[in-house]
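Asks: Have a look at this prediction, sequence included:
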Amino acid sequence: MRRLRLAKIIATIGPASAAPEKLRDLFHAGVDTFRLNFSHGTHADHAAVHAAIRALEAEAGQPIGILQDLQGPKIRVGTLVGGGFELIEGQTIRFVPGGTDGDRSAIPLPHPEIFAAILPGHDLLIDDGRVRVRISQLGEDFIDAVVVTGGRISNRKGVNLPGTMLNMSPLTEKDRTDLAFGLSLGVDWVALSFVQRPSDVIEARALIADQAGLMVKIEKPSAFDQIADIVQLADAVMVARGDLGVEIPPEEVPGRQKELVRLCRLSVKPVVVATQMLESMVSAPTPTRAEASDVATAIYDGADAVMLSAESASGRYPVEAVTMMDRIIATAEHDRVYRPIITALKPTIEPSPPHAVAGAAADLADAIDASCIVAFTASGTTPSRIARHRPNVPILALTPSQQIARRLCLLWGTRSTVAADIGSYEEMVEQAEAHAHLRGMVRGADSIVVVAGIPFGSTGTTNNVRVVTPRPTTSETPPPRLEHF
């Protein structure tokens, strides 16, 4: 199945989409990678969905990515008298470390790391920012605050601290258990929630190693203080606009999104834009015009992928939401202003042979109007370097690793397939032709651009570009010999 677009679609799976027949419908509608949200569901639920996706992958004959999204630490108030109460603007309230059935003079906040880190003048947000209080005074066992924006708070409502760097790991005990389970299933990507500092990424990397790609979710303002280091340590980035949009003013979110997409493209890291992209389609069969524009903006920015959350997990129209997202992406990419915008954001090529060769391959493919670029890769790095330049033709990544083929389902403009290792120029040309024909990526008599590293099979040796004019195939002339796993 060939998509008529270059950016990818991630869909979250939940009660509305977990059945095998629904997964099949979503895949055919346009899903490239499925997200398993470990904030919800049991291990048995996720195992059943994982197995159904792998069965679908075998049926479709092409890789499908699976992303495990860890819940991360959730900060909440404790239980309140009567289940909750109103806070009035200008009122002074007090938070305490423990207790139950708290009132305005002793609201339970069972998180000692907050008491250790928060300072006067910092804001504390409750219930996704609906209630805002500002810290006025601190003690060893209390935090006094003045209500800036009033409203009702109730039991176990979430808390955000936009100006406070908390000394806490992004991996809870639940996350560690979930991570071990996800890796045992064989997930392709792991998304790490609430990353604040580079050491958070290093901690997760030690547990994941090379078993899956590590995607960091940027949803804390503190992450931007060391964002370049965080991006370099990760394998991919998600612009998680839900919590990020609570902790920073809404008017700053678009700029931060563009900043992250640009940085990830420069750093050769796939970037995903997520949260509330087609939110109204949770209950309506069509999106608002503003939502359609939001998805298109991410595509014009150059995002590798866009993601559906509640729209596909619990909404009434999951397949329609994927279909709509597919249409919006394709329309944006075929718009006459798309190519000038993408080209204007083209990154400077680093002075190294692998980067220079990847850039030359992209430019060459555009210059000769090639049918596609065929990239041989052991680690996924070569197609990533080519995709960074956003060529005007699709990329076919050939890899001996099924794991890498699945991870590449997130990468802009790239279609991946598992293929045998090559050992000579002749095999390189033969396999490139065969797979390009098999995947329907040869256009008439047009040439293809083939990129590989010599010696063959060595990681990080992208150093060879070749233009090949594939032999035509007819019923009398069989296609070249194809070797694949």
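Replies: Alright, I've got the coordinates. Numbering: from 1, shown residues only.
Asks: could you point out where this protein is predicted with low confidence?
Replies: The chain contains residues with pLDDT under 70 at 1, 457-458, 460, 473-485.
Asks: remind me, longest helix of it?
Replies: Using DSSP state H, we find that the single longest helix of the chain is helix 43-60.
Asks: and the next element down the chain from it?
Replies: Under the assignment DSSP states H and E, the closest C-terminal helix or strand after helix 43-60 is strand 65-69.
Asks: Show me the contact partners of that following strand.
Replies: Strand 65-69 is contacted from outside by 10, 12, 32-39, 46, 50, 53, 178-179, 182, 186-191, 193, 212, 215, 217, 406-410, using C-beta atoms under 8 Å, 6 or more residues apart in numbering. Bear in mind the C-beta positions are built from the backbone N, C-alpha and C, glycine included.
Asks: Those in helices, which ones?
Replies: His46, His50, Ile53, Asp178, Leu179, Gly182, Arg406, Arg407.
Asks: out of those residues, which are buried?
Replies: Neighbour-count burial (16 or more other C-beta atoms under 10 Å) applied to those gives His46, His50, Ile53, Asp178, Leu179, Gly182, Arg406, Arg407.
Asks: picking up where we left off before, inside strands: which ones of the contacts of strand 65-69?
Replies: Ile10, Thr12, Thr33, Phe34, Arg35, Leu36, Asn37, Trp189, Val190, Ala191, Met215, Lys217 (DSSP state E).
Asks: just checking, the third one touches Lys8?
Replies: Yes - in this structure Thr33 lies within contact range of Lys8 using C-beta atoms under 8 Å: 6.7 Å.
Asks: All the helices of the stretch 301-450 of the chain, residue numbers only.
Replies: In the stretch 301-450 of the chain, the segments counted as helices under DSSP state H, counting those that start in this stretch are 310-313, 318-333, 338-344, 353-367, 381-387, 402-407, 425-438.
Asks: Report the distance from stretch 396-413 to the chain centre.
Replies: Chain-centre distance of stretch 396-413: 15 Å, with C-alpha atoms, centre = their mean, to the nearest Å.
Asks: now do the same end-to-end measure for that stretch.
Replies: End-to-end distance of stretch 396-413: 9 Å, with C-alpha to C-alpha, to the nearest Å as the criterion.
Asks: ok, now how distant is Lys157 from Phe38?
Replies: Distance, Lys157 to Phe38, using C-beta to C-beta, to the nearest Å: 21 Å.
Asks: same deal with Pro108?
Replies: 26 Å.
Asks: same check, this time on Phe27
Replies: To Phe38, Phe27 is 21 Å away according to C-beta to C-beta.
Asks: buried ones in the helix or strand harbouring Arg94?
Replies: Using DSSP H and E, Arg94 sits in strand 92-96. By 16+ other C-beta under 10 Å, the buried positions in strand 92-96 come out as Ile93, Arg94, Phe95, Val96.
Asks: Now render the residues you listed as CSV, adding distance to Thr164.
Replies: Compiled in CSV, the buried residues of strand 92-96 are given as follows (distance: C-beta to C-beta, whole Å):
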residue, distance to Thr164
Ile93, 17
Arg94, 18
Phe95, 13
Val96, 18
